[in-house]
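Q: Got a predicted structure plus its sequence, pasted below:
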Amino acid sequence: MNLRRPARRYPSRMGISHEALPSRISPPSRISKEALFNLPAPPETRPRFRSHRAAAMTESVIREMSRVAHRYKAINLAQGFPDFEAPEEIKAAACEAINRNINQYPITWGAKPFRDAIAAKYKRHYDLDFDPEREVTVCCGATECMIATMMAILDPGDEVVAFEPFYENYGPDSIFCGAKLNLVKLHSRTLPGGEGPEWTFDPDELRQAFSPRTKAIILNTPNNPTGRVFTRRELESIAALCQEFDALAITDEIYEHIIFDGAVHIPIMTLPGMRDRTVLISSLSKTYTVTGWRVGWALASPDLTDSIRKIHDFLTVAAAAPLQAGGVTALSMPAEFYAGIAREYQKKRDLMLGALTGAGFRCYRPEGAYYIMTDISGFGFPDDLTFTAHMAERAGVVGVPGSCFFKDPASGAQNVRFCFCKKYETLEAARDRLRKLSV
């Protein structure tokens, strides 16, 4: 492998230039969330003790909607965590590790048995070879993997490309790094025969987002919030730009096994020229129903891994030791386990598509992940926050205002995202409650 060129360009300084910070991320609506959802007013700010970074960000809308659900005693279809149990054998393995006194610091970048299990899984599923000693970094969830990777490769003033709508963490991550986030729209379109709509990007718009200052593109597939699973042809066009502009692909692949209707997940790292130009990020959370464990990993060539490990060390030191032991069992699950979760989630997707359509929503049919993006324009509300407040109070169901997935809140003002990673009885109860919206 040729590892020499990336080693020169991608490690970064840890300093932050306030002048290089991107423009303020706008709140998701013009209307006060506190007034809409009857929440406590935010504390009065003392400017001297609020950094430019903190001032440039808003609170996570997704996590805030979970608190709204609690306040209204509503069904929480906002935050993407299951309400059903994790596999017994995975929980038992973690408990056994605790009882065997695996309770102290593991190796900073991951316990060796867990790193070995990660490498074995990617060889088994994608025929990718990783050296567990030099190319695998275990972090506190994919969230930490992403910020550790971005801080490892980006300097203030660098540019990073992402698709919009985007998972809300990518904006703050760019702020932490002092990087400029260049967004490329995923356009929704109806497929021939009325199937769809689907989300796709314009190759010319993507090319325009790249420049000599572009260090990386963030690629989330299967995608949150759209459910898009990028095709080989789309990935090849992204890979070509990465190679032309000497940029990396940072891939968020945590929904890799939650795919529907014959869709195929293809890690861009498997494409020609991308093995040493990709940082592949994933975690235990979604596939194995353990979102609270916060155990993830970043896979990259040795030079990139060296930089990521340094940042990770001083962010969190290490992920929980007994949960990494549980992860060894999780990653050894047989092929039928992965086929089974895809089948189950497809059934739940179809149930929720019917429930939402029946209640008056226009749905974007997801190909992967466990979210459904909807169009609420038929309800006649001025924006997504007003609608979600009405839905929480009238129907007792909470979703995510779509504007939080866009830089300009107006772009998502008629969208709401729902998750379907719930028990059947939860989804059926939500279906019954949502009918109140069309009364």
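A: Cool, the structure landed. Not measured: the values here are computed from a predicted model.
Q: Excluding sequence neighbours, find me the nearest residue to residue 377.
A: residue 414 (4.5 Å; CB to CB, 6 or more residues apart in numbering). In short, each C-beta sits where N, CA and C put it, glycine included.
Q: quick one: that neighbour and residue 375 touch, right?
A: Yes. When contacts are counted by CB atoms under 8 Å, residue 414 is listed as touching residue 375 (5.9 Å).
Q: So for these two, which sits in the more crowded spot?
A: residue 414 (20 against 16; other CB atoms under 10 Å).
Q: For the more buried one, list the residues it contacts.
A: Listed by CB atoms under 8 Å, 6 or more residues apart in numbering, the contact set of residue 414 reads 375-377, 383-384, 402.
Q: Could you single out the nearest of these to residue 217?
A: Nearest to residue 217, judged by CB to CB, of the contacts of residue 414 is residue 402 at 22.7 Å.
Q: Let me know whether that closest one touches residue 164 as I believe.
A: No. If you go by CB under 8 Å, residue 402 and residue 164 don't touch, sitting 11.4 Å apart.
Q: Comparing those two, which shows the higher neighbour count?
A: Comparing residue 402 with residue 164 by other CB under 10 Å, the one with more neighbours is residue 402, at 28 against 19.
Q: Tell me, how many residues neighbour the closest residue to that one other than its chain neighbours?
A: In space, and not counting its chain neighbours, residue 402 is closest to residue 415: 2.6 Å by CB to CB, 6+ apart. Here the count is done by other CB under 10 Å, and residue 415 has 27 residues near it.
Q: Across the sheet, point out what pairs with residue 415.
A: residue 375 (DSSP bridges).
Q: before we move on, what about residue 216?
A: residue 160, residue 248.
Q: gap between it and residue 305?
A: To residue 305, residue 216 is 15 Å away according to CB to CB, to the nearest Å.
Q: Same question for residue 116.
A: Residue 116 is 15 Å from residue 305, by CB to CB.
Q: Please apply the same query to residue 227.
A: Taking CB to CB, one finds residue 227 at 31 Å from residue 305.
Q: between these two, which one's more packed in?
A: Taking other CB under 10 Å, residue 227 and residue 305 do not tie; residue 227 has more neighbours (27 against 24).
Q: List the residues that contact the more buried one.
A: Counting by CB under 8 Å, 6+ apart, residue 227 has contacts 199, 364-369, 371-373.
Q: Can you list the low-confidence ranges for this protein?
A: 1-40, 190-197, 439 (pLDDT under 70).
Q: what's the longest strand in it?
A: strand 180-189 (DSSP state E).
Q: tally of neighbours for residue 435?
A: 13.
Q: Excluding residues flanking it in the chain, which one is nearest it?
A: residue 359 is the one closest to residue 435 (CB to CB, 6+ apart), at 5.9 Å.
Q: Ok, residue 228 next?
A: residue 199 is the one closest to residue 228 (CB to CB, 6+ apart), at 4.5 Å.
Q: what bridges to the one you found?
A: residue 188.
Q: Surely it is in contact with residue 186?
A: Yes. With contact defined as CB under 8 Å, residue 199 reaches residue 186; the gap is 4.1 Å.
Q: More neighbours: the two, which one.
A: Higher neighbour count among residue 199 and residue 186: residue 199, with 22 against 19, using other CB under 10 Å.
Q: how is the protein carved up into domains?
A: 27-85+337-438, 102-333 (automatic domain parsing).
Q: just the ones you listed: most buried one?
A: domain 102-333 (a mean of 20; mean count of other CB atoms under 10 Å).
Q: re the thing from before, intersection of neighbour lists for residue 199 and residue 186?
A: With CB under 8 Å, 6+ apart as the test, residue 199 and residue 186 both reach 223, 226, 228.
Q: Which stretches in this structure count as strands?
A: So, for the chain - with DSSP E - the strands run 75-76, 136-139, 159-164, 180-189, 198-201, 214-220, 248-252, 278-283, 296-299, 362-364, 371-375, 397-398, 400-401, 415-419.
Q: Now do the contacts for the nearest residue in space to residue 329 that is not next to it in sequence.
A: For residue 329, ignoring the flanking residues on the chain, the nearest one in space by CB to CB, 6+ apart is residue 93 at 3.8 Å. Under the criterion of CB under 8 Å, 6+ apart, the neighbours of residue 93 are 325-326, 328-330.
Q: let's see 7 Å
A: Applying CB atoms under 7 Å, 6 or more residues apart in numbering, we find residue 93 in contact with 325-326, 328-329.
Q: Over to residue 326?
A: Neighbours of residue 326 in contact, by CB under 7 Å, 6+ apart: 90, 93-94, 97.
Q: Now with 10 Å, please.
A: 86-87, 89-98, 102, 114, 284, 288, 290, 293, 295, 320 (CB atoms under 10 Å, 6 or more residues apart in numbering).
Q: and if you look at residue 182?
A: 22, 159-162, 164, 174, 206, 208-211, 213-214, 217.
Q: coming back round to it: so which of the contacts of residue 93 is the closest to residue 391?
A: Of these, the one sitting nearest to residue 391 (CB to CB) turns out to be residue 326, at 36.6 Å.
Q: Residue 382 and residue 413 touch, don't they?
A: Yes. Taking CB atoms under 10 Å as the definition, residue 382 is a contact partner of residue 413 at 7.7 Å.
Q: I'd guessed residue 288 sits against residue 327; true?
A: Yes. Counting by CB under 10 Å, residue 327 is a contact partner of residue 288 at 8.0 Å.
Q: Between the two, which contacts overlap?
A: What both residue 288 and residue 327 touch, as defined by CB under 10 Å, 6+ apart, is the set 90, 295.
Q: Show me where the stretch 151-300 of the chain has its helices.
A: 170-177, 203-209, 232-244 (DSSP state H, counting those that start in this stretch).
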